[in-house]
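**Student:** I would like to see how this sequence folds:
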Amino acid sequence: QVQLVESGGGLVQAGGSLRLSCQASGRIRSIFAMGWYRQAPGKQRELVAIITDGSSTNYADSVKSRFTISRDNAKNTVYLQMNSLKPEDTAVYYCNVDGVRLYNSVRSVSSWGQGTQVTVSS
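**Tutor:** Residues are numbered from 1 along each chain as shown. The predicted structure follows:
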């Protein structure tokens, strides 16, 4: 019902920057929350940043002041600007949308992207 396409991952040196994008498609009327999560090898998936439709944001302590999340509601797209990257930021980054209202439906849904690899070399 909701498809997510992520882009922008890659290999970067420590101190560098990357910008992730995630576009949602489908019969979408509105999206309450859009967020980024990450999972490093051998670790659990964790929240990186989230933004609501009211533009409230929340960040993991480890990325505060380095990462910025934003969204374009007209394009159903969420972005994650990552600056001052560290080797410990290396992970697969997943996009998530929650509280998605669809046309011709009374229920809300959520969805995950396929993940994009971010590798930070020291």
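**Student:** Which residues are in contact with the residue most central in space within the chain?
**Tutor:** When Cα atoms, centre = their mean is applied to the chain, the residue found nearest the centroid is Trp36 (2.7 Å). Applying Cβ atoms under 8 Å, 6 or more residues apart in numbering, one finds that Trp36 lies in contact with 20, 22, 47-50, 69, 78, 80, 93-96. Quick note: C-beta positions are derived from backbone N, CA and C, even for glycine.
**Student:** Please indicate which of these has the highest neighbour count?
**Tutor:** Val78 (29 neighbours; other Cβ atoms under 10 Å).
**Student:** which residues touch it?
**Tutor:** Val78 touches Ser21, Cys22, Met34, Gly35, Trp36, Ile51, Ile69, Ser70, Arg71, Asp72, Cys95, Val97, counting by Cβ under 8 Å, 6+ apart.
**Student:** number of nearby residues for Phe32?
**Tutor:** Neighbours of Phe32 using other Cβ under 10 Å come to 14.
**Student:** Quickly find the element holding it.
**Tutor:** strand 28-39 (DSSP states H and E).
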